[in-house]
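Participant: Give me a model of this one.
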Amino acid sequence: MEIADLITWFEAWANPAWCESWDNCGWQIEPGVLQEKARVLVCLTPTLAVMQEAIALNANLIFAHHPLIFNPLKSLRTGEAIAEMVRLSFTHNIGIYTAHTNFDQVQDGTADVLAQILELKEVTPIELTQAGLGYGRVGLLEPFLTLQELLATIQTRLAPPHLIFSPTADLQQTISRVAVLGGSGASYISAVAKTGAQAYLTSDCKFHQFQESRDANLILIDAGHYATERPACDRLVQKFQSLNLDWVQLSQKDEDFRQFFA
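Facilitator: Numbers count the residues shown, from 1 in each chain. Predicted structure coming up:
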């Protein structure tokens with residue numbers, strides 16, 4: 001499959017027109033690779049480490065969840081990370097394509113994959129954006145779990161380096177309804193509270209957002225940005241493998257940009 005055909009297939013599934021106004025989905029850099037046979041390296045975040053990996057693997061497309069370029073650039077200068085990415089992209093003929101908020105909304109996107117990892121049933125979006133699709137997912141646990149069991153399940157299945165949750169008096173309370181949203185989802189706390197969910201798995205939550213969640217009688221669980229979105233990248237590799245691609249692989253140089261002192 002040529003890169004142009006791969007992108008056409010993907011955009012029929014996760015239309016970049018669904019991208020939020022503040023976001024930047026679609027081509028970040030297209031150095032003239034559209035007619036080449038697709039050799040794809042999938043990653044969460046396009047970084048210099050991932051670019052070097054793509055060069056070493058002879059990939060011609062970095063397919064990322066996070067955009068390389070968020071804001072309009074005022075300059076490109078030697079020594080700057082984005083400038084170096086642009087230089088290497090054109091020097092080695094490697095395109096960079098991003099699927100961000102459009103990929104968050106679709107079936108088998110970031111939220112759906114989290115819901116599937118927790119084996120949620122009767123799943124619906126937290127916030128509907130179009131027929132059957134939207135941001136986040138909320139569903140039922142079958143069987144029900146205690147909060148302690150739910151936290152242990154998240155720790156085992158997502159392997160976050162650090163798991164933060166709202167203060168609670170009873171780790172043995174029964175949890176039957178859970179909401180999930182990969183990446184920075186604290187702005188949806190009030191929407192989640194209206195769904196009847198007892199616990200909400202997301203990331204990048206601030207101190208007072210834990211307070212907001214507690215006041216809404218909602219257990220907020222922060223597993224980190226990387227841990228909540230990286231699984232969807234793996235799912236994307238599986239989808240690409242079902243197509244007639246020359247080669248596709250999940251990046252091994254993707255990074256969680258946070259470390260925790262033991």
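
Participant: Averaged pLDDT, the helix or strand residue 151 falls within. What do you get?
Facilitator: Element membership for residue 151 (DSSP states H and E) is helix 147-158. Here helix 147-158 scores 97 as its mean pLDDT.

Participant: For the nearest residue to residue 4 once chain neighbours are set aside, what are phi and psi?
Facilitator: Leaving aside its sequence neighbours, residue 4 sits nearest to residue 34 (Cβ to Cβ, 6 or more residues apart in numbering; 4.1 Å). Using the backbone N, CA and C atoms, a C-beta is placed for each residue, glycine as well. Per-residue torsions, residue 34: phi -60, psi -30 (degrees, to the nearest 10).

Participant: Look at residue 34 and say how many residues are nearby.
Facilitator: By other Cβ atoms under 10 Å, the residues close to residue 34 number 16.

Participant: same check, this time on the one 5 residues further on
Facilitator: Residue neighbour count, defined by other Cβ under 10 Å, stands at 19 for residue 39.

Participant: go on, residue 240?
Facilitator: Using other Cβ under 10 Å, residue 240 has 21 other residues around it.

Participant: Check the one 10 residues further on too.
Facilitator: Burial measure for residue 250: 18 neighbouring residues, criterion other Cβ under 10 Å.

Participant: just to revisit the earlier point, tell me the buried residues in the helix holding residue 151?
Facilitator: Using 16 or more other Cβ atoms under 10 Å as the test for burial, helix 147-158 gives 147, 149, 150, 151, 154, 158.

Participant: want to try JSON lines for the residues you listed, with distance to residue 5 as columns?
Facilitator: Output for the buried residues of helix 147-158, formatted as JSON lines (distance: Cβ to Cβ, whole Å):
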{"residue": "147", "distance to residue 5": "47"}
{"residue": "149", "distance to residue 5": "45"}
{"residue": "150", "distance to residue 5": "42"}
{"residue": "151", "distance to residue 5": "43"}
{"residue": "154", "distance to residue 5": "38"}
{"residue": "158", "distance to residue 5": "33"}
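
Participant: Looking at those residues, which one is closest to residue 47?
Facilitator: residue 158 (21.2 Å; Cβ to Cβ).

Participant: and the closest one, what does it touch?
Facilitator: Neighbouring residues of residue 158 by Cβ atoms under 8 Å, 6 or more residues apart in numbering: 117, 223, 227, 228, 231.

Participant: and it, how far is that from residue 174?
Facilitator: 22 Å (Cβ to Cβ, to the nearest Å).

Participant: How about residue 4?
Facilitator: According to Cβ to Cβ, residue 4 and residue 174 sit 51 Å apart.

Participant: try residue 45
Facilitator: Residue 45 is 37 Å from residue 174, by Cβ to Cβ.

Participant: And residue 150, by the same measure?
Facilitator: Using Cβ to Cβ, one gets 10 Å for the distance from residue 150 to residue 174.

Participant: hmm, back to that, out of residue 45 and residue 174, which sits in the more crowded spot?
Facilitator: More neighbours surround residue 45 than the other of residue 45 and residue 174, with 22 against 14 (other Cβ under 10 Å).

Participant: Roughly how far does that one sit from residue 208?
Facilitator: In this view, residue 45 and residue 208 are 27 Å apart by Cβ to Cβ.

Participant: What ranges does this structure have for its helices?
Facilitator: Here the chain has its helices, by DSSP state H, at 3-13, 48-56, 81-92, 101-105, 110-117, 147-158, 189-193, 207-215, 225-241.

Participant: Give me the buried positions along the third one.
Facilitator: What that stands for is helix 81-92. Buried-residue list, helix 81-92, by 16+ other Cβ under 10 Å: 82, 85, 86, 88, 89.
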